[in-house]
Structures are given as structure tokens and as C-alpha cells.
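**Student:** Sharing a model that was predicted from the sequence below.
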Amino acid sequence: MVFYYMSSSPYSPDQISIIVEKIEDTFQKRFHTILNTEWKPRKIQEIALRNYVDEIITHGKCKKIVQMPTGSGKSILLSLLVLATVYLRQHIEGGDKRNIILIFAPLTRIKFQLLEPLAIASGITTLPKEKGSLRNPSFPLYVMSSDVKAISRLSQKLQKQYAGKIPHRTTMGGIILAITPFSLSSSITEARTLKNALQKIIEQTRKSMSKHTHVIVLCPHTLKKTKEEREITTLEQLKDKILAVFVDEAHIMLDFRGKLGNSLAKLVHEAPVAVGFTATPGQKTCNIIAHEQCSPKIFLHKEPIYSYELMLRKKWLGKDDKPILVERLVARFYRSKILPALTTHTSIELWKNACRERVKKYAEITLRDLERHFKLNRRELFSKIKVLVLAPNMREADIWKETLQQYLGNSTQIFLAHSNVSDPQGEIEKFVESNAGILIAVDMVKIGFNDPNLDALIIARPVQSMVAYVQMRGRVLRYPEDPDRLKLKHGAFILHLAAEEILEDQKKIAGVERGGFPSPDSFSELVGYEKHSIEYDATVEVSYLAEIRVPQETAEQPRSPETFEISTTSTPSTPLHGYSSTTTEREVKSHKTAPSKNFLQRVLNKLLYLLRRIWLYIRKAVNTLLAGIAFLLRRIHEHV
């Protein structure tokens with residue numbers, strides 16, 4: 001049972017309910033006008049909205065974290081809170097002088113699902129003939145980014161989606177997308193830098209539109225990349241005008257260092273309203289937003305929302321709500337040993353550089369385990385499932401595509417998205433719109449990737465951070481839009497091929513979701529190692545660790561031992577509540593009946609490993625010696 005937050009509000013609960021219903025009804029009418037379909041808030045959204053309204057009415061300000069897993073409706077909730085802020089502006093500290101709402105979002109990755117509900121909530125799309133007029137609660141909306149392609153892509157989709165419903169004065173310039181009934185000066189629409197565009201918008205809001213609230217969606221990443229710091233200074237000049245700051249993907253948006261990080265923190269601090277949205281709130285995120293350690297009282301829902309509870313339908317779902325996450329998950333873990341042939345690499349260099357043998361072995365295990373999990377042969381499988389592969393670097397991502405094409409032929413759609421691809425965002429969008437296929441990426445899906453029909457996730461690189469793992473697993477746990485997806489029948493599938501430990505751990509995942517992990521280690525693992533990759537030869541050993549099932553159920557019989565090497569390393573000794581940890585038949589038998597044989601096997605494996613290492617070093621020394629002799633002979637020949 002979930003209880004709404006009780007406070008000493010000057011308004012009665014019934015009065016708060018009337019305000020909440022007014023905001024929801026406004027959004028519902030605009031939603032129906034634009035999309036010709038009904039909208040009803042989920043319970044998880046309604047609780048947050050009610051608590052937000054109560055916080056504003058009671059305190060005149062709100063500094064909270066919205067901790068919600070991917071797929072739970074964060075974008076619509078953000079739009080509802082923006083609409084509520086406009087509606088309750090007179091109740092907010094300094095609301096008579098503050099008229100700008102800033103939304104920080106990863107615009108270089110932004111997807112239409114963030115812009116669409118904001119455009120609906122704005123009310124502008126329902127006023128095609130009322131030039132210069134707004135009915136409360138409504139607001140002009142400005143989307144700004146130095147990524148011209150991102151703005152162009154949003155503009156094209158907006159025009160296509162809302163043909164005939166967008167005001168003719170909507171401006172779509174190079175770096176700005178403005179949805180407003182007001183006529184903007186050419187100096188704004190022709191601006192070539194964020195600094196100039198921001199300054200012109202600020203001037204115009206002060207002059208002719210000061211009574212209205214203006215919403216600006218901005219990407220801090222574009223400011224971070226610029227060599228000029230004047231854009232940052234322009235942001236600081238906004239602090240006396242900012243009514244509220246909403247931060248999407250707050251765990252990344254607030255992780256900046258230097259002057260930009262300090263400026264963003266000041267804006268959040270100065271604004272009477274600041275709300276961060278994230279599935280994994282780090283300690284730094286909580287400190288910047290609320291100036292407190294992560295705890296239930298700074299969550300807008302007044303308690304953490306655990307993905308485990310959403311999967312098992314234990315909480316947060318109303319009677320008629322569609323499920324948010326799938327009910328079943330199977331996570332399989334393997335450990336990898338990489339033994340380079342000629343050179344000695346550090347552990348990081350083994351993953352910063354590409355290894356063709358590693359990809360070949362990983363691809364074989366991937367195809368075999370996918371067939372067994374979804375119970376289809378290879379020909380049928382990839383016409384029915386969608387798979388995301390996370391590679392460690394761009395060169396290895398290329399090798400993944402080459403290898404899979406060799407195994408699968410041209411019958412399977414394989415998409416590749418990284419910085420060296422001509423249109424990586426286009427590739428991602430094609431994958432999302434497709435019914436089946438494989439997407440191979442490095443870091444292009446770390447923010448804003450949204451495909452509820454994704455069936456399987458393949459992690460082909462080390463993941464040292466639990467925060468990174470929770471972010472990754474969230475990509476495949478979403479409840480699908482297509483009711484015939486195989487993950488509804490067999491469960492979502494995660495295959496981690498380079499694990500050092502069992503990461504599907506309920507207690508650790510819950511710790512991440514309630515904000516128990518520090519920020520410094522948090523997000524480098526999501527990036528992969530992109531640039532300056534070279535290929536190297538190596539012997540690759542892949543050994544089975546464990547399989548975790550959510551919820552707990554009878555495990556299938558393990559795969560046949562001759563198809564891969566089974567490790568003697570143990571799986572977690574005590575299964576967590578609701579989780580099932582399975583070992584292979586050979587491991588179980590060896591633990592019960594032949595401990596001495598198991599010990600001798602480990603000793604033998606270590607000896608073989610040492611002998612192999614010695615042989616590799618000898619071969620390396622011989623090759624180096626031969627290369628030196630060849631070099632000397634060439635020099636002698638040149639002098640002669």
C-alpha cells in the first residue's frame with residue numbers, strides 16, 4: 001500500500017486533490033486534441049504530482065529527486081510537473097519576478113518522447129489561430145542545442161507528427177526549435193551560438209513577455225564542448241529569472257567538473273524549485289539537488305522505487321495500469337581470461353584495443369545461448385527478437401558486425417552505431433522502428449535509448465560499477481508495446497560475457513536504486529573505450545559463472561559440457577529472496593561427491609595456465625629477437 005505524503009499544508013487534502021485533477025485534466029484534454037486518444041495518469045505519476053503540488057503549496061519551493069526506472073513514464077511526469085509549476089507560479093518563492101523554467105537534457109541524444117509531452121503540455125499546439133495569446137496554464141517552449149542535426153531531426157518529426165496542429169509561427173532554426181504564439185525576432189532564429197540565442201530570448205522575455213512563463217530545454221554537454229566560456233556566463237546571468245530547474249538523466253547531467261559543473265550547481269541552488277530525474281541517483285546528485293545525503297525524504301515519491309517490486313507487481317501499479325517492467329528476467333554470467341600473444345597489456349588496454357578471437361568466441365556463445373533461451377533455431381530467432389550488443393570499443397564493434405554477418409548472412413538486420421559511423425543516430429532509430437534485428441553500440445545508447453521491445457542485452461565488456469549495470473539492465477526490462485514479444489513468454493535475457501562477479505544481486509541493485517553508491521565511479525563504465533583502438537592476437541578462455549532468474553523458478557538443464565569450458569568457480573552460495581542461482585550439473589556433482597577431484601582439477605588448470613603464459617613469453621622473446629636481427633641485417637645491407 002502506498003500512502004501520499006502528509007504535511008502541514010494550508011490547503012486541505014481535498015483542495016490539493018482539486019488542483020491535481022485540474023492539472024491532469026488540462027494535460028488530458030491537450031493530449032486528446034493532439035493525438036486523438038485518451039490519456040490517464042499512472043498511479044506512480046499521480047503520487048509524484050500530488051506530492052509535488054503539496055510541497056509547492058506548503059513550502060513555496062521543492063528540491064527533490066524523482067527516482068524511477070526506465071519505462072515508468074518519466075517524460076510525461078516531467079511535463080506534468082512543468083505544467084504544475086506554471087499553474088502554481090504565484091505560490092512559489094519569487095514567482096512574481098521569476099519566469100523561466102530550465103530543463104537540462106542530453107539533447108545530443110534526446111528522443112522525441114521527451115519533446116512530445118512537453119509540446120502537448122505547453123498548450124501552444126491547441127492555439128493555432130491565437131497569435132500572441134496564451135491561456136493559463138500554458139507556456140512557450142524553446143529547445144536549444146549546438147547539435148544542428150539533433151534539432152533538425154526533432155523539427156522534421158514534429159512537423160510530421162503534428163501536421164496542421166502546430167502554429168505557423170513555430171520557428172525551427174539551425175540551433176533552436178521554438179514552439180510559441182509570439183513572433184520571435186530574426187536575431188533569435190538566425191543565432192549561430194547558444195550564447196547569442198540565450199541572450200536574445202532573455203531580452204525578449206524581459207520586454208514583451210514577462211508575464212508569461214517560458215520553458216527552455218538546453219543541453220549542458222554542448223556547453224562543455226565549447227572553447228568559449230561566455231555561454232556558461234550567460235547561464236549564470238539567468239539565476240535571478242529562473243523559477244525552476246528540471247534535470248533529466250540527473251546522474252549524468254550533474255556530473256560535470258570545473259566551471260560548468262559549478263555553474264549548473266549554482267543554478268540548481270538558486271532556483272526555488274529543482275527536481276532531478278534518474279533511475280540511479282548518486283550521492284553527488286542528491287547533494288546538488290537537495291543539499292542532503294540520499295534518503296527517502298528527498299525522493300518525490302517519499303521512498304525508493306525498486307525495479308524488483310515493479311517486476312513482481314508488488315507496488316506502484318494502479319488497478320488499470322499497464323505493467324512497467326517485465327515479470328521475468330534471466331541473467332547469465334561468464335568470466336573471461338584474455339592472454340595476449342605478443343605484447344603485455346594492462347587490464348584496461350585489453351579492452352581499449354580490439355581482439356578478433358574474443359569476438360568470435362563471444363559471438364558463438366551469444367548465438368547458442370539466445371537459441372536456448374528463446375527456444376528457437378537461428379533462422380527463426382532473428383526474425384522475432386531484438387538484441388543489443390555493448391562492445392568495448394569502436395574497432396571491436398566493427399568486428400562484431402563482420403562476425404555476425406558471417407554467422408547469420410544477410411537475412412538478419414544488423415545495425416552499427418558509434419562515432420565513426422556516418423549517421424549513428426539514424427542507425428539507432430532504424431533499429432528501434434524495426435521488428436527484429438541486432439544493434440551493436442559502444443556508448444551511443446547510454447542516454448536516451450528507448451526501445452521497450454528490446455528482448456536481449458549482450459554485455460561484451462567488463463562492468464565494474466553496479467550503477468552501470470543497473471543502467472544497462474534497465475534497457476531490456478521495459479514492458480513491451482508489442483504483446484507478442486518473446487520476452488513476455490521466456491523472460492528478458494541478459495548475457496554478460498566479461499563478468500568478474502554476479503551483478504544480478506537484489507540487495508546491491510536496491511542499494512543503487514535508493515542512492516547508496518557514490519558518483520565518482522559511476523558512469524565511466526557506460527562509455528566503453530572508444531578511440532585509438534588497434535587489433536591484437538590473444539588466447540581467449542570463457543568460463544561459465546552462474547545464471548540468475550527473477551523470480552525464482554526451476555532452472556533448465558545446463559548446456560552440454562562439450563560446447564564450452566565449464567569453470568569450477570562457484571556461484572553465489574545463498575540465493576537472494578526472489579532470485580534463483582543455478583550451477584551446472586557437473587559443478588553440483590563435484591561439490592557433493594568428488595571434492596578431491598575438484599581440487600586436483602583446479603591445480604591442473606593453474607599449471608596449464610602457467611605453462612601457457614611461459615610459452616607466450618618465450619614466443620614473444622623469440623619474435624622480438626628475430627625482429628632485432630632482421631633490423632640489424634637491413635642496416636648492414638644499407639651501409640654495404
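**Tutor:** Arrived safely. Since the model is a prediction, treat every value here as computed from it, not as a measurement. Numbering: from 1, shown residues only.
**Student:** Val387 should be in a strand, yeah?
**Tutor:** Yes. Judged by DSSP: H, G, I helix; E, B strand; the rest coil, Val387 forms part of a strand.
**Student:** residues near it, how many?
**Tutor:** Look at Val387: counted by other C-beta atoms under 10 Å, it has 26 neighbours. In short, each C-beta sits where N, CA and C put it, glycine included.
**Student:** and if you look at Ala468?
**Tutor:** Quick note: Ala468 (other C-beta under 10 Å) scores 23 neighbours.
**Student:** Please apply the same query to Ala244.
**Tutor:** 27.
**Student:** I figured Lys22 was touching Leu83, is that so?
**Tutor:** No. Lys22 lies out of contact with Leu83 (C-beta atoms under 8 Å); the separation is 9.9 Å.
**Student:** Do you have the helices of the stretch 251-400 of the chain handy? List them.
**Tutor:** Using DSSP state H, counting those that start in this stretch, the helices of the stretch 251-400 of the chain run over 258-270, 283-290, 307-311, 349-352, 356-374, 378-381, 394-408.
**Student:** Now tell me what touches the third one from outside.
**Tutor:** It refers to helix 307-311. The contact list for helix 307-311 (C-beta atoms under 8 Å, 6 or more residues apart in numbering) reads 69, 72, 279, 315-317, 323-329, 470, 474, 477, 506, 509-510, 513, 550-551, 578.
**Student:** From those, which land in strands?
**Tutor:** Residues of the contacts of helix 307-311 located in strands (DSSP state E): Leu329, Val550.
**Student:** out of Lys22 and Leu83, which sits in the more crowded spot?
**Tutor:** Leu83 (27 against 15).
**Student:** any idea how far Leu218 is from that one?
**Tutor:** Going from Leu83 to Leu218 by C-beta to C-beta, to the nearest Å gives 19 Å.
**Student:** what's the answer for Met472, then?
**Tutor:** Counting by C-beta to C-beta, the gap from Met472 to Leu218 is 27 Å.
**Student:** and what of Ile288?
**Tutor:** 17 Å.
**Student:** Comparing the two, which residue is more hemmed in?
**Tutor:** Neighbours around Ile288 and Leu218, counted as other C-beta under 10 Å, are more numerous at Ile288. The numbers are 24 against 21.
**Student:** circling back to that earlier point, now the helices of the stretch 251-400 of the chain in CSV, with mean pLDDT and distance to Leu88?
**Tutor:** Output for those, formatted as CSV (pLDDT from 0 to 100; distance: least, C-beta to C-beta, whole Å):
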stretch, mean pLDDT, distance to Leu88
helix 258-270, 80, 19
helix 283-290, 87, 19
helix 307-311, 93, 29
helix 349-352, 86, 50
helix 356-374, 96, 49
helix 378-381, 88, 52
helix 394-408, 95, 47
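**Student:** Quick one: closest of those to Thr33.
**Tutor:** helix 307-311 (31.1 Å; C-beta to C-beta).
**Student:** CA atoms of that closest one as PDB?
**Tutor:** C-alpha atoms of helix 307-311 as PDB (Å, rounded to 0.1, in the frame of the first residue of the first chain):
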ATOM      1  CA  SER A 307      12.700  -2.400 -10.000                       C
ATOM      2  CA  TYR A 308      12.300  -5.800  -8.300                       C
ATOM      3  CA  GLU A 309       8.900  -4.600  -6.800                       C
ATOM      4  CA  LEU A 310       7.800  -3.400 -10.200                       C
ATOM      5  CA  MET A 311       8.800  -6.700 -11.900                       C
END
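**Student:** and Ala290, what is it in contact with?
**Tutor:** Ala290 neighbours (C-beta under 8 Å, 6+ apart): Lys63, Lys64, Ile65, Ile298.
**Student:** what about the strands in the stretch 451-600 of the chain?
**Tutor:** For the stretch 451-600 of the chain, strands defined by DSSP state E, counting those that start in this stretch occupy the ranges 456-459, 492-496, 538-550, 580-582.
**Student:** would you list those strands in a markdown table and tack on mean neighbour count and mean pLDDT?
**Tutor:** A markdown table is the format used below for those (neighbours: other C-beta atoms under 10 Å; pLDDT from 0 to 100):
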| stretch | mean neighbour count | mean pLDDT |
| --- | --- | --- |
| strand 456-459 | 24 | 98 |
| strand 492-496 | 26 | 98 |
| strand 538-550 | 21 | 94 |
| strand 580-582 | 19 | 42 |
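**Student:** And these: which comes nearest Val603?
**Tutor:** Of these, nearest to Val603 by C-beta to C-beta is strand 538-550, at 16.2 Å.
**Student:** so how far is the closest one off the chain centroid?
**Tutor:** 25 Å (C-alpha atoms, centre = their mean, to the nearest Å).
**Student:** and if you look at stretch 460-469?
**Tutor:** That offset, for stretch 460-469, works out to 13 Å (C-alpha atoms, centre = their mean).
**Student:** and that stretch, how far apart are its ends?
**Tutor:** End-to-end distance for stretch 460-469, by C-alpha to C-alpha, to the nearest Å: 12 Å.
**Student:** quick one: average confidence on that stretch?
**Tutor:** The predicted model gives stretch 460-469 an average pLDDT of 89.
**Student:** And stretch 180-188, by the same measure?
**Tutor:** Mean predicted confidence for stretch 180-188 is 64.
**Student:** So in the protein, where's the weakest helix or strand by average pLDDT?
**Tutor:** The helix or strand of the chain with the lowest confidence, counting by mean pLDDT, DSSP states H and E, is helix 585-593 at a mean of 36.
**Student:** quick one: the helices in the stretch 451-600 of the chain?
**Tutor:** In the stretch 451-600 of the chain, the helices defined using DSSP H, counting those that start in this stretch lie at 466-477, 486-490, 506-513, 585-593, 595-639.
**Student:** residue contacts, the residue nearest to Ile19 when sequence neighbours are not counted?
**Tutor:** In space, and not counting its chain neighbours, Ile19 is closest to Val53: 5.3 Å by C-beta to C-beta, 6 or more residues apart in numbering. Counting by C-beta under 8 Å, 6+ apart, Val53 makes contact with Ile16, Ile19, Val20, Ile23, Ala84, Leu88.
**Student:** Counting neighbours, which of those comes out on top?
**Tutor:** Highest neighbour count within the contacts of Val53: Ala84, with 27 neighbours (other C-beta under 10 Å).
**Student:** looking at it, that residue is touching Asn51, isn't it?
**Tutor:** No. At 10.9 Å, Ala84 does not count as touching Asn51 under the criterion of C-beta under 8 Å.
**Student:** list the buried ones in stretch 476-488?
**Tutor:** Neighbour-count burial for stretch 476-488, counted by 16 or more other C-beta atoms under 10 Å, picks out Val476, Leu477, Arg478, Tyr479, Pro480, Arg485, Leu486, Lys487, Leu488.
**Student:** repeat for stretch 382-399
**Tutor:** Buried, per 16+ other C-beta under 10 Å, within stretch 382-399: 382, 385-399.
**Student:** And these, which is closest to Glu433?
**Tutor:** Once C-beta to C-beta is applied, the member of these that ends up nearest Glu433 is Lys386, at 10.8 Å.
**Student:** what sits opposite that closest one in the beta ladder?
**Tutor:** Gly437 (DSSP bridges).
**Student:** since we're on Leu312, how many residues are nearby?
**Tutor:** Leu312: 15 neighbours (other C-beta under 10 Å).
**Student:** doesn't Gln506 make contact with it?
**Tutor:** No. Counting by C-beta under 8 Å, Leu312 stays clear of Gln506, with 10.9 Å between them.
**Student:** What distance do you get for Asn51 to Leu310?
**Tutor:** 19 Å.
**Student:** now do Leu158
**Tutor:** Counting by C-beta to C-beta, the gap from Leu158 to Leu310 is 31 Å.
**Student:** What of Leu370?
**Tutor:** To Leu310, Leu370 is 25 Å away according to C-beta to C-beta.
**Student:** again with Leu457
**Tutor:** From Leu457 over to Leu310 (counting by C-beta to C-beta), the distance is 18 Å.
**Student:** How about Val432?
**Tutor:** 22 Å.
**Student:** ok, those two, which is more surrounded?
**Tutor:** Shown here are Val432 and Leu310; by other C-beta under 10 Å, Leu310 has more neighbours (24 against 17).
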